[in-house]
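Chemist: What follows is a predicted protein model with its sequence.
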Amino acid sequence: MTILVTGARGNVARALVGKLLDAGQDVRAAGRDPGRARLPGGVEVVAADLSRPESWEAALNGVTKVFLYAGTAGLGGFLAHAGGLAQVVLLSAAGADPASEDAITRAHGEAEQAVRDSGIPWTFLRPVGFAANRLLWAEAIRSAGVVRDPFPDSQAALIHEADIAAVAVCALTSSGHLKAAYTLTGPESLTVRRHAELIGHAIGRPVSVERQDLDDYRRELTTAFEARGLGTVGSADVVEARIRRLAALVDRPQPTTETVLEVTGRPARGFAVWAEDHAAEFA
């Protein structure tokens, strides 16, 4: 049984590949630029892109299960080549709903609906937010020891990519996860200020927080998404949806779940652990 992991350069994909190898699974990774994937030696990495449906024929050869990043652009072409799969584990988002007025949850809901409509057995992973998104701060922290954010008191229960990967491994390698939609969070809701403080602890020097002009944030966020090759994720309506979401969480704790513990048997890692694991990228 070969498991295909898409988005080979992503933080979740890299963590998942390592955990699947540790579990003795045969793994193939796919991405737009396989030469830039930082994966363990011996992992087959192939070029495949949702915008090029024909690229998936070779990537899917001999594959029985797939871990797939949600994205509506080109998803239909992928699913057309994916008939006969035993399972798709889709990395979606909390609140995914194709009828949502929020651009982020609507796009993920549309992706989930496309997978449902394909007839392929599915499992949906719905994180509330990635701790790895804080890597967008890395350059500013390295150069000036500062985080600039328009909502420093906004809260989030961000999840470590290793915990998303751990849930994905369980979904892909054990029974009882088909037609399950798992909302995933970290163990605690923390402010932007606290995230910066914990990164400072991890690198051994203080990190200050400055309130950022909202228009500057819009430009930076759009540029960052485009640089990471996220396509429509950086579109104006999605950026605005993200801003509205952050504003709504100012001084309001984001609800947490025990899903990581319930699925894996181990509690979710806190943000302090994530900061320690990524300290070298901020130092």
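Modeler: Cool, the structure landed. Numbers count the residues shown, from 1 in each chain.

Chemist: Please count neighbours and contacts with C-alpha atoms only from this point.
Modeler: Will do.

Chemist: so how far is residue 128 from residue 273?
Modeler: Taken as CA to CA, to the nearest Å, the spacing of residue 273 relative to residue 128 amounts to 18 Å.

Chemist: ok, now residue 203?
Modeler: Taking CA to CA, one finds residue 203 at 26 Å from residue 128.

Chemist: between these two, which one's more packed in?
Modeler: Neighbour count, other CA atoms under 10 Å: between residue 203 and residue 128, residue 128 has more, with 22 against 19.

Chemist: Sheet-wise, list the partners of the strand or helix carrying residue 66 with their directions.
Modeler: Here residue 66, judged by DSSP states H and E, is contained in strand 63-69. Using DSSP bridges, strand 63-69 pairs in its sheet with strand 2-5 (parallel), strand 87-91 (parallel).

Chemist: Off-centre distance for it?
Modeler: With CA atoms, centre = their mean, to the nearest Å as the basis, strand 63-69 stands 15 Å off its chain's centre.

Chemist: Remind me what the helix or strand following that strand packs against, helices and strands.
Modeler: Beyond strand 63-69 on the C-terminal side, the first helix or strand identified by DSSP H and E is helix 75-81. Judged by 3 or more CA pairs under 8 Å, 6 or more residues apart in numbering; DSSP states H and E, helix 75-81 is in contact with helix 56-59, helix 103-118.

Chemist: Give me whichever of those is most buried.
Modeler: Ranked by mean neighbour count, the helices and strands packed on helix 75-81 are led by helix 103-118 with a mean of 20 (mean count of other CA atoms under 10 Å).

Chemist: immediately after that one, which helix or strand?
Modeler: Following helix 103-118 in sequence, per DSSP H and E, is strand 122-127.

Chemist: Give me the residues contacting stretch 249-266.
Modeler: Stretch 249-266 is contacted by residues 151-157, 163-164, 166-167, 170, 182-191, 267-268 when judged by CA atoms under 8 Å, 6 or more residues apart in numbering.

Chemist: Which positions in that stretch come out as buried?
Modeler: 249-250, 254, 256-257, 259-260, 263-264 (16 or more other CA atoms under 10 Å).

Chemist: Also stretch 68-88?
Modeler: 68-72, 75-79, 81-82, 85, 87-88.

Chemist: Name the surrounding residues that touch it.
Modeler: If you take CA under 8 Å, 6+ apart as the criterion, stretch 68-88 is touched by 5-7, 50-54, 56-57, 60, 63-67, 89-92, 107-108, 110-112, 114-115, 118, 120-123, 172, 178.

Chemist: just for the stretch 101-250 of the chain, where's the confidence low?
Modeler: The model of the stretch 101-250 of the chain has pLDDT under 70 over residues 225-235.

Chemist: So what does residue 38 look like in phi/psi?
Modeler: Residue 38 adopts backbone torsions of phi -100, psi 80, taken as degrees, to the nearest 10.

Chemist: and the host helix or strand of residue 220, what does it pack onto?
Modeler: Assigned by DSSP H and E, residue 220 falls within helix 214-227. With contacts taken as 3+ CA pairs under 8 Å, 6+ apart, helix 214-227 sits against helix 236-248.

Chemist: Next, the angle helix 214-227 makes with the helix it packs on.
Modeler: 130 degrees (axes from the mean of the first three to the mean of the last three CA atoms, to 10 degrees).

Chemist: Would you agree residue 155 is in contact with residue 193?
Modeler: No: judged on CA atoms under 8 Å, residue 155 makes no contact with residue 193 at a distance of 9.1 Å.

Chemist: Among those two, which residue is more densely surrounded?
Modeler: Using other CA under 10 Å, the more surrounded residue of residue 155 and residue 193 is residue 155, with 25 against 19.

Chemist: Please state the backbone phi and psi of residue 254?
Modeler: Per degrees, to the nearest 10, the backbone of residue 254 is at phi -80, psi 130.

Chemist: With residue 85 instead?
Modeler: Note on residue 85: backbone dihedrals following degrees, to the nearest 10 are phi -70, psi 150.

Chemist: what's the spacing between it and residue 107?
Modeler: Distance of residue 85 to residue 107, computed by CA to CA: 23 Å.

Chemist: one step back: including distance to residue 199 and mean pLDDT, could the strands paired with strand 63-69 go into JSON lines?
Modeler: Listed next are these as JSON lines, based on distance: least, CA to CA, whole Å; pLDDT from 0 to 100:
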{"stretch": "strand 2-5", "distance to residue 199": "29", "mean pLDDT": "95"}
{"stretch": "strand 87-91", "distance to residue 199": "26", "mean pLDDT": "97"}
